[in-house]
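S.K.: what would the 3D arrangement of this be:
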Amino acid sequence: MRHQFLLVLFVFVGSVLYTPATAQSLSVSDIENSVKTDGKYAILVPNARYFQAAVMTGKELKGKNPTMSFEIVIISAAAKDLATDESLTSFIEMSEKIGVRIVVCESAMKHFDVKKSDYHRSIETTPDGFAYIFGLQENGYKTITL
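M.R.: Take a look at the predicted model:
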């Protein structure tokens with residue numbers, strides 16, 4: 001009798017707690033296509049290489065979903081790179097054209113002795129890149145840090 005009770009209890013608890021894993025049943029394209037057309041996304045970027053990747057991601061996503069919000073928040077050495085590396089100008093201009101907002105951390109600017117006038121006209125600044133990302137999260141943005 002005791003064994004039957006334990007068996008029934010085990011089956012009951014197992015069936016209640018069972019959650020099928022669906023992540024692996026979705027294809028890569030299904031996952032990529034699940035990005036919302038009206039979604040809000042932001043990437044925190046510390047260097048020039050990641051900045052370029054973030055712009056290309058923004059270009060691809062906004063190409064499919066022009067109404068989505070997409071922001072790139074610049075911290076660390078990328079704050080200097082955006083002001084001094086001319087090879088990044090085309091990425092900055094592409095961002096402006098497709099509607100990807102670029103916001104640079106003023107603390108990083110101060111650390112690398114960069115002034116707002118050193119940036120392309122479309123680039124905005126914030127006193128603290130981390131606080132800005134937290135604010136985006138509070139406003140419903142999905143964020144990632146590279």
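
S.K.: going forward, measure contacts between C-alpha atoms and count neighbours the same way
M.R.: Will do.

S.K.: neighbours of Asn33, how many?
M.R.: The tally of other residues near Asn33 (other CA atoms under 10 Å) stands at 12.

S.K.: no no, Ser25
M.R.: Count around Ser25 with other CA under 10 Å applied: 8.

S.K.: and it, how close does it get to Ile31?
M.R.: Ser25 sits 10 Å away from Ile31, going by CA to CA, to the nearest Å.

S.K.: cool, Thr67 as well?
M.R.: Thr67 sits at a distance of 19 Å from Ile31 (criterion: CA to CA).

S.K.: which of the two has more neighbours?
M.R.: When neighbours are counted by other CA under 10 Å, Thr67 and Ile31 differ, and Thr67 comes out ahead with 15 against 10.

S.K.: for the more buried one, phi and psi?
M.R.: Taking degrees, to the nearest 10, you get phi -90, psi -10 for the backbone angles of Thr67.

S.K.: assess the claim that it and Thr37 are in contact.
M.R.: Yes: at 6.3 Å, Thr67 counts as touching Thr37 under the criterion of CA atoms under 8 Å.

S.K.: partners of Tyr41 in the sheet?
M.R.: Tyr41 has the following beta-bridge partners by DSSP bridges: Phe70, Lys142.

S.K.: was I right about it contacting Asn65?
M.R.: No: contact criterion CA under 8 Å: Tyr41 and Asn65 do not qualify, at 11.9 Å.

S.K.: out of the two, which sits in the more crowded spot?
M.R.: Comparing Tyr41 with Asn65 by other CA under 10 Å, the one with more neighbours is Tyr41, at 21 against 16.

S.K.: which residues of the protein fall in helices?
M.R.: 2-17, 28-32, 48-64, 78-84, 89-98, 106-111, 129-138 (DSSP state H).

S.K.: for the fourth one, which helices and strands make contact with it?
M.R.: If I follow you right, that is helix 78-84. Using 3 or more CA pairs under 8 Å, 6 or more residues apart in numbering; DSSP states H and E, the elements in contact with helix 78-84 are helix 48-64, helix 106-111.

S.K.: and it, what's buried?
M.R.: Buried positions in helix 78-84, judged by neighbour count with 16 or more other CA atoms under 10 Å: 78-83.
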